[in-house]
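Novice: Please work out how this folds:
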Amino acid sequence: MGFFDRKPADQPTETPPGAEKTSAAGGVLPQLAAAREKLKARDVAGAMAIYEAVLAGAGDRADVLVTISGDLGTAGCVKELIELLAPRYDAQRHGAAAGINLLQAYLVTRNADAAQHLLDLLFELNRPELEARLVGFSNAVAELFVSEGEAAEQHPAMHSEAKISLVSLSKPVWFYGLEALAPHLLSAKEGRPRRVAFAQCAVLGLEDAAARAAQPEEPLGRLARGLPLWFAETFAASAGYEPFAAIGVTDRRHYALFPTEWVAENIRQVHDTTEGGLDYVVTGALRNRHDDFELSLRIWEVKKYRELKVFTTRWTPSNADEELKKFHELVRGYMEWKAQPAGTGLAYAAPASPLAYVHALGSALTLFLGEKGVLAPEQVTAGTAALLSSARANPDDARAQLALVAALLRLKAQGAAADPAAHQHASAWLASPAAQAADAAALIMKLA
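Specialist: Below is the predicted model of the structure:
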């Protein structure tokens, strides 16, 4: 049935006997079909004008409300769905289907109070066949109340103190600065690949999100940014995807931290601000309790603004690499990740120590955004320690080595002193057979 219902009928019937037709031109069916075409053409205002006219004459018809709400929900016009249905919907008169569509819209926009009120009305219909579904919605509403309560203090503070925008990276972060020196490391995509954005993970349960975000790079925030960078880089090496990573920064020139999970409206914003649009957006939520980590990834289909799948994993410092490797493989499998053909770009293999690598990518991002002036100089204090740690933990991973090399080249271009141990490690790798196999040995001249 999909995210939004279109039952009791996929298409509304013509006006029932005895009911007044909405227009002399043939009833509601042609008008709803015309509105649907306008939604496909992204003419939301045009569709809304038709819906207003239809509802003026057929607002009592359950099938009309179901179809309008289903079409708007499928098109991602959740706010418009609420605008049309909320003042008109009557559970006793219109039945459950349109109400369930409205309930889902309230959940998408995180309006817990309205969702609970509507859920109570739906339970009062006493429909046994809907009981299991309504209980599921009841659990979702309860979770929403809990999450909203946890973020009640942090969320307003973030938006009142700083304006947040998203930085979009269309290449692996270590590749920026190497494009001209080693363009062969990243192959061009052929055909029409699926476009997917991996969003910065929300960090749940923080009591000091705004204050922590204003500080220089720290491990939890670095992890929340490094995870989407890792997945975006993974899919950059896939034959069927064109990936992006979306990272939050503020107008105060420091990183943003998100204390609540992204919702459909955020997905729409990412889609609308990405040139050419997106097919999928992957959001994440990270929680840390006494070094016991939990990560959830939600895969959203942009066309219908619906959640397709949720993956969850947990780890501690002792089993982090093992669990992250399994989780990484699970997500790749679901999204039908396929390696690029041999000889087209750097061959991909998952890192042996993914946790160290994820932190390295987060640090590489800080150096890159600091160089571009997106982050203030006082925010760029971590240096190359995390990158060197990753390179040592992943000795056979060319990407881990290249991330360190790119960071050192970035520091050299800025006239900043490099850590001698990091420089020695990078130079040794560039002179190795592994670097020659990746056709990266020529970079040693730039690093010297």
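
Novice: which residues sit against the helix or strand hosting residue 132?
Specialist: Secondary structure assignment for residue 132, by DSSP states H and E: helix 131-150. With contact meaning CB atoms under 8 Å, 6 or more residues apart in numbering, helix 131-150 is reached by 100, 103, 107, 110, 112, 115-116, 119, 122-123, 204-205, 259-261. Where you see a C-beta, it was placed from the backbone N, CA and C, and this is true even at glycine.

Novice: which among the residues you listed gets closest to residue 365?
Specialist: Taking CB to CB as the measure, residue 365 lies nearest residue 259 of these, at 20.3 Å.

Novice: per-residue confidence for the closest one?
Specialist: Note on residue 259: pLDDT of 89.

Novice: Wait, it touches residue 207, no?
Specialist: No - in this structure residue 259 lies outside contact range of residue 207 using CB atoms under 8 Å: 9.2 Å.

Novice: Between these two, which is the more surrounded one?
Specialist: Using other CB atoms under 10 Å as the criterion, residue 259 and residue 207 rank with residue 259 on top: 24 against 10.

Novice: Quick check: the more buried one is in a strand.
Specialist: No - under the criterion used here (DSSP: H, G, I helix; E, B strand; the rest coil), residue 259 is coil, not part of a strand.

Novice: And it, its phi and psi?
Specialist: phi -80, psi -10 (degrees, to the nearest 10).

Novice: Show me the helices in the stretch 101-250 of the chain, by range?
Specialist: Along the stretch 101-250 of the chain, the segments classed as helices by DSSP state H, counting those that start in this stretch run 112-123, 131-150, 154-161, 209-213, 219-236.

Novice: can I get these in TSV with mean neighbour count and distance to residue 403?
Specialist: Putting the helices of the stretch 101-250 of the chain into TSV (neighbours: other CB atoms under 10 Å; distance: least, CB to CB, whole Å) gives the following:
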stretch	mean neighbour count	distance to residue 403
helix 112-123	18	42
helix 131-150	14	34
helix 154-161	14	30
helix 209-213	20	24
helix 219-236	24	9
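
Novice: among those, where is the model least confident on average?
Specialist: helix 154-161 (a mean of 44).

Novice: Give me the domain ranges for this structure.
Specialist: What automatic domain parsing lists as the domains of the chain is 28-150, 154-447.

Novice: quick one, helices of the stretch 301-448 of the chain?
Specialist: So, for the stretch 301-448 of the chain - with DSSP H, counting those that start in this stretch - the helices run 320-334, 354-371, 385-393, 398-413, 420-430, 433-437, 444-447.

Novice: Let me know which of those is the nearest to residue 300.
Specialist: helix 320-334 (13.2 Å).

Novice: Now do the buried residues in the closest one.
Specialist: 320-321, 323-325, 327-328, 331-332 (16 or more other CB atoms under 10 Å).

Novice: Looking at those residues, spot the one nearest residue 66.
Specialist: residue 331 (34.5 Å).

Novice: Secondary structure of residue 297: a strand, I assume?
Specialist: Yes - according to three-state DSSP, residue 297 belongs to a strand.

Novice: isn't it right up against residue 280?
Specialist: No - taking CB under 8 Å as the definition, residue 297 is not a contact partner of residue 280, at 11.4 Å.

Novice: who has more neighbours, these two?
Specialist: More neighbours surround residue 297 than the other of residue 297 and residue 280, with 24 against 21 (other CB under 10 Å).

Novice: who's in contact with the more buried one?
Specialist: 282-284, 310-312, 331.

Novice: Apply 6 Å and report the result again.
Specialist: Residues near residue 297 by CB atoms under 6 Å, 6 or more residues apart in numbering: 282, 284, 311.

Novice: Excluding residues flanking it in the chain, which one is nearest the last one?
Specialist: Pointing back at residue 311 there. residue 297 (4.8 Å; CB to CB, 6 or more residues apart in numbering).

Novice: Could you report the pLDDT at residue 152?
Specialist: Confidence score, pLDDT, at residue 152: 45.

Novice: Oops, could you answer that again for residue 308 instead?
Specialist: pLDDT recorded at residue 308 is 89.

Novice: Setting aside sequence neighbours, what's the nearest residue to it?
Specialist: residue 299 (4.7 Å).

Novice: where does the stretch 1-150 of the chain dip in pLDDT?
Specialist: The model of the stretch 1-150 of the chain has pLDDT under 70 over residues 1-26, 147-150.

Novice: Centre of the chain to the helix holding residue 132, how far?
Specialist: 22 Å (CA atoms, centre = their mean, to the nearest Å).

Novice: same question, stretch 107-119
Specialist: The answer for stretch 107-119 is 22 Å, by CA atoms, centre = their mean.

Novice: swap in stretch 331-350?
Specialist: On CA atoms, centre = their mean, the centre of stretch 331-350 falls 21 Å from the chain's centre.

Novice: likewise stretch 57-68?
Specialist: 34 Å.

Novice: all numbers from here: first residue = 15
Specialist: New numbering, starting at 15: the last item is stretch 71-82.

Novice: what comes up buried for that stretch?
Specialist: 71-73, 75-82.

Novice: With stretch 436-456 instead?
Specialist: 436-437, 439-441, 443-444, 448-449, 452, 454-455.
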